[in-house]
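Student: What follows is a predicted structure for the sequence shown.
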Amino acid sequence: MKDLIEYLARALVDNPDAVSVESYEDDDGTVVYELHVAEDDVGKVIGRGGRTVNALRSVVRAAATHEGRRVLVDVID
């Protein structure tokens, strides 16, 4: 899952070397992925009105459902 998020994020940003993903598991079993991007690329990942990040979350959520997991994706600058 981490590789999928990195792959999608690297395709969106101008500085793909600055993309990293960290994960941890919440108390309720939800896996939270923190997407770190360069400060200049945050807007590209979020998109107008949050459309891009919502699409990214939808793809990751669909992949996680296939594995039987619940996930969240947060964008951190």
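Tutor: Perfect, I can see it now. Numbering: from 1, shown residues only.

Student: what comes up buried for the helix or strand hosting residue 64?
Tutor: Here residue 64 sits within helix 51-67, counting by DSSP states H and E. For helix 51-67, burial by neighbour count (16 or more other CB atoms under 10 Å) applies to 52-53, 56-57, 60, 64. All C-beta atoms are positioned from the backbone trio N, CA, C, and that covers glycine.

Student: what helices or strands is that helix leaning on?
Tutor: Helices and strands touching helix 51-67, as assessed by 3 or more CB pairs under 8 Å, 6 or more residues apart in numbering; DSSP states H and E, comprise helix 2-12, helix 42-46, strand 71-76.

Student: Return the alpha-carbon coordinates of it using CSV.
Tutor: C-alpha atoms of helix 51-67 as CSV (Å, rounded to 0.1, in the frame of the first residue of the first chain):
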residue,chain,number,x,y,z
ARG,A,51,-10.2,16.7,-5.7
THR,A,52,-6.8,15.2,-6.3
VAL,A,53,-6.3,14.0,-2.7
ASN,A,54,-9.8,12.7,-2.6
ALA,A,55,-9.2,10.7,-5.7
LEU,A,56,-5.9,9.4,-4.2
ARG,A,57,-7.7,8.4,-1.0
SER,A,58,-10.4,6.6,-3.0
VAL,A,59,-7.8,4.5,-4.9
VAL,A,60,-6.0,3.6,-1.7
ARG,A,61,-9.3,2.8,0.1
ALA,A,62,-10.3,0.5,-2.8
ALA,A,63,-7.0,-1.3,-2.7
ALA,A,64,-7.2,-1.6,1.1
THR,A,65,-10.7,-3.0,0.9
HIS,A,66,-9.4,-5.7,-1.3
GLU,A,67,-7.0,-6.6,1.5
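
Student: so that helix versus helix 2-12, what angle?
Tutor: Interaxial angle, helix 51-67 versus helix 2-12 (axes from the mean of the first three to the mean of the last three CA atoms, to 10 degrees): 160 degrees.

Student: before we move on, back to that, could I get the helices and strands packed on helix 51-67 in JSON lines, plus columns for mean pLDDT and distance to residue 22?
Tutor: As requested, the helices and strands packed on helix 51-67 are exported to JSON lines (pLDDT from 0 to 100; distance: least, CB to CB, whole Å):
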{"stretch": "helix 2-12", "mean pLDDT": "96", "distance to residue 22": "9"}
{"stretch": "helix 42-46", "mean pLDDT": "95", "distance to residue 22": "15"}
{"stretch": "strand 71-76", "mean pLDDT": "94", "distance to residue 22": "8"}
